[in-house]
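Chemist: dropping the sequence and predicted coords here.
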Amino acid sequence: ELSVSLLAVIVIVCGLALVAVFLFLFWKLCWVPRRHKVISSHPGTVQSEAGRNKENMADKLKDTGALSFLEAAVKISHTSPDIPAEVQMSMKDHIMRRTRIQRQTTEPASSTRHISFKRHLPRQMHVSSMDYGMDPPAVAEQPTSIGRIKPELYKQKSVDTEDPKKEAAKTCGKINFTLKYDYENETLTVRILRAFDLPAKDFCGSSDPYVKIYLLPDRKRKFQTRVHRKTLNPTFDESFHFPVPHEELASRKLHLSVFDFDRFSRHDMIGEVILENLFEASDLSRETSIWKDIQYATTESVDLGEIMFSLCYLPTAGRLTLTVIKCRNLKAMDITGYSDPYVKVSLLCDGRRLKKKKTTIKKNTLNPTYNEAIIFDIPPENMDQVSLLISVMDYDRVGHNEIIGVCRVGVNAEGLGRDHWNEMLAYPRKPIAHWHPLVEV
């Protein structure tokens, strides 16, 4: 019996120990984390304690002694300081000037048709130039050491670097020929007499010259003189006959190309003469002798044709109308001897193409007629920044479309292109039409 009771006591003690261990683990693992979670999910109690502290501080500040202390420390001034009258006037003028400057930066409301045009303009063109009425800041001159070279003092035109236009316009001797038109047979007779003071093309100081004769724009029919050996003053005395109707004489050009014959390589071109108006050059009813300077040229200038179009600008609407009328004597681009021309007009601004428009295609012709209007919306303030590039193209169904020739009109164009543009601006609301020769790109 004693052993049984002792065993029961041991079992009870072990059970109590296990229960104590279980309760300790339950308190550590479950009760403590749950308590922290409940506290974090109810921050209002902490904030309420902080608010309670702030209310206590506010009650302390409401004390009369503290209030009087704050009023003594902080004193609001309701009077302006004494400022001299001159300073006040200068400040007033400065404020008025700033307001005027801000009003100048605002742009007037423009029509919706010009929004797309202004969107394509470069960013620096959208901001109107503002004159602030101030002198530019003076830049302090940097002291230069003795003996230092100043390149700006030596910017002089060199003798070797001549203007390419003047160099291209230099003459290469003279040529003498006669013209006569037979009204009965409708034949133009060109007689090449002689050439004088030609440049030397050979190493021995001489040339072997001959002359090619064209009656443009027809390049299929051409004539050529005999070659004269080793001379700079050849005498040809040869006549050539061109059948041409009398009504076409005004549109024809006489083209003389002088070459130096070379047996083993390509013939060198000495120069050329182009006689545009045959009626003004001589009296075609009788044979007249003509002397012309031979202009320097390295290759034969090809007549690409001409295009006729009109320009009309409406300042109030900001609308530019280019009417493509017709072309004549275009260069043949196909094997058949014809072309499939159409006209492409590009609106340019500082070299950037903003818009482009095209006409219809005319099949198998070198003298197409279009009478098609192309319209661009351009504000009046941007007319001095834009130009038009007119390209006559040859349509190709298989490959790429080829450029026959181009011309350009605008303020920055050259020659007839600039004159046509200025005439359009001088006579608004009136179509101004001109013929323009096509040139290579």
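Modeler: Sure, I can see it. Numbering: from 1, shown residues only.
Chemist: for this protein, longest helix please?
Modeler: Secondary structure of the chain per DSSP state H: the longest helix is helix 2-26.
Chemist: tell me the mean pLDDT for that helix?
Modeler: For helix 2-26, mean pLDDT is 85.
Chemist: over to stretch 263-273?
Modeler: On average, stretch 263-273 scores 79.
Chemist: so where is this protein shaky, pLDDT-wise?
Modeler: Applying pLDDT under 70 to the chain flags the ranges 1, 31-170, 220, 264-266, 279-283, 298-302, 335.
Chemist: list the buried ones in the top strand by length along it?
Modeler: Assignment by DSSP state E gives strand 171-182 as the longest strand of the chain. Across strand 171-182, burial judged by 16 or more other C-beta atoms under 10 Å covers 172-181. (Glycine included, C-beta is placed from N, CA and C.)
Chemist: nearest to Lys253 among those residues?
Modeler: Leu179 (12.4 Å; C-beta to C-beta).
Chemist: partners of that closest one in the sheet?
Modeler: Listed by DSSP bridges, the beta-bridge partners for Leu179 are Val190, Thr288.
Chemist: Leu254 now?
Modeler: Following DSSP bridges, Leu254 is listed with bridge partners Leu215, Leu275.
Chemist: and the gap between it and Val439?
Modeler: 20 Å (C-beta to C-beta, to the nearest Å).
Chemist: likewise Leu29?
Modeler: To Val439, Leu29 is 96 Å away according to C-beta to C-beta.
Chemist: looking at it, Asp260 is touching Ile270, isn't it?
Modeler: Yes: applying C-beta atoms under 8 Å as the test, Asp260 and Ile270 come out as touching, 5.7 Å apart.
Chemist: all helices of the stretch 251-400 of the chain, in order?
Modeler: For the stretch 251-400 of the chain, applying DSSP state H, counting those that start in this stretch gives helices covering 278-281.
Chemist: next one: the stretch 101-250 of the chain
Modeler: 115-120, 123-126, 164-168.
Chemist: surely Lys28 is in a helix?
Modeler: Yes: under DSSP: H, G, I helix; E, B strand; the rest coil, Lys28 sits within a helix.
Chemist: for burial, what's the neighbour tally of Met269?
Modeler: Per other C-beta atoms under 10 Å, the neighbour tally for Met269 reads 18.
Chemist: double-check it against Phe261; I have them as touching.
Modeler: No: look at Met269 against Phe261 with C-beta under 8 Å: they stay out of range, at 11.4 Å.
Chemist: follow-up on the earlier one: who has more neighbours out of Asp260 and Ile270?
Modeler: Between Asp260 and Ile270, counting by other C-beta under 10 Å, Ile270 is the more crowded of the two (24 against 19).
Chemist: quick check: bridge partners of the residue lying closest to the more buried one once chain neighbours are set aside?
Modeler: Spatial nearest neighbour of Ile270, chain neighbours left out: Val258 (4.3 Å); criterion: C-beta to C-beta, 6 or more residues apart in numbering. Note on Val258: beta-bridge partners Val211, Gly271, judged by DSSP bridges.
Chemist: and Val258, what does it touch?
Modeler: Shown in contact with Val258 (C-beta atoms under 8 Å, 6 or more residues apart in numbering): 172-173, 175, 195, 198, 209-211, 269-273, 294.
Chemist: between the residues you listed, which sits nearest Ile361?
Modeler: When the contacts of Val258 are ranked by distance to Ile361 (C-beta to C-beta), Glu272 comes first, at 33.6 Å.
Chemist: what about the closest one, neighbour count?
Modeler: Other residues near Glu272 come to 23 when the count uses other C-beta under 10 Å.
Chemist: cool, Leu193 as well?
Modeler: 16.
Chemist: do you know how far it is from Asn233?
Modeler: Distance from Leu193 to Asn233, counting by C-beta to C-beta: 12 Å.
Chemist: repeat for Gln295
Modeler: For Gln295, the distance to Asn233 equals 18 Å [C-beta to C-beta].
Chemist: who does Ile403 bridge with?
Modeler: Under DSSP bridges, the beta-bridge partners of Ile403 are Met393.
Chemist: wait, Leu348
Modeler: Using DSSP bridges, the bridge partners assigned to Leu348 are Arg353, Ser387.
Chemist: correct me, but Pro245 touches Thr187?
Modeler: No: between Pro245 and Thr187 there is no contact under C-beta under 8 Å: 10.2 Å.
Chemist: between the two, which one's more packed in?
Modeler: The neighbour comparison of Pro245 against Thr187 (other C-beta under 10 Å) goes to Thr187, with 13 against 8.
Chemist: still on that earlier bit, joint contacts of Asp260 and Ile270?
Modeler: By C-beta under 8 Å, 6+ apart, the residues touching both Asp260 and Ile270 are 201, 207, 209.
Chemist: would you agree the last one is in contact with Gly271?
Modeler: What that stands for is Pro209. No: contact status for Pro209 versus Gly271: not in contact, 10.2 Å apart, counting by C-beta under 8 Å.
Chemist: for these two, indicate the residue with more neighbours.
Modeler: Pro209 (26 against 22).
Chemist: burial count for the spatially closest residue to the more buried one that is not a sequence neighbour?
Modeler: Spatially, and ignoring its direct neighbours in sequence, Pro209 is nearest to Pro234 (5.2 Å; C-beta to C-beta, 6+ apart). Pro234 has 24 neighbours, counted by other C-beta under 10 Å.
Chemist: now do Thr321
Modeler: Thr321 - counted by other C-beta under 10 Å - has 15 other residues nearby.
Chemist: can you pull the buried residues of the longest helix of the chain?
Modeler: Going by neighbour count (16+ other C-beta under 10 Å), nothing in helix 2-26 comes out as buried.
Chemist: start the count at 16, not 1, going forward
Modeler: Yep, numbering from 16; the last one is helix 17-41 now.
Chemist: list the helices and strands it packs on?
Modeler: Using 3 or more C-beta pairs under 8 Å, 6 or more residues apart in numbering; DSSP states H and E, no helix or strand is in contact with helix 17-41.
Chemist: coming back round to it: what helices or strands is the longest strand of the chain leaning on?
Modeler: Partner elements for strand 186-197 (3+ C-beta pairs under 8 Å, 6+ apart): strand 202-211, strand 268-275, strand 283-290, strand 303-311.
Chemist: need the winner for burial among these.
Modeler: strand 268-275 (a mean of 21; mean count of other C-beta atoms under 10 Å).
Chemist: so what's Asp318 up against?
Modeler: Going by C-beta under 8 Å, 6+ apart, Asp318 touches 231-232, 234, 268, 270, 344, 346.
Chemist: for Pro383, see how far away it is.
Modeler: From Asp318 across to Pro383, the span is 17 Å (C-beta to C-beta).
Chemist: what does Ile309 give?
Modeler: To Pro383, Ile309 is 35 Å away according to C-beta to C-beta.
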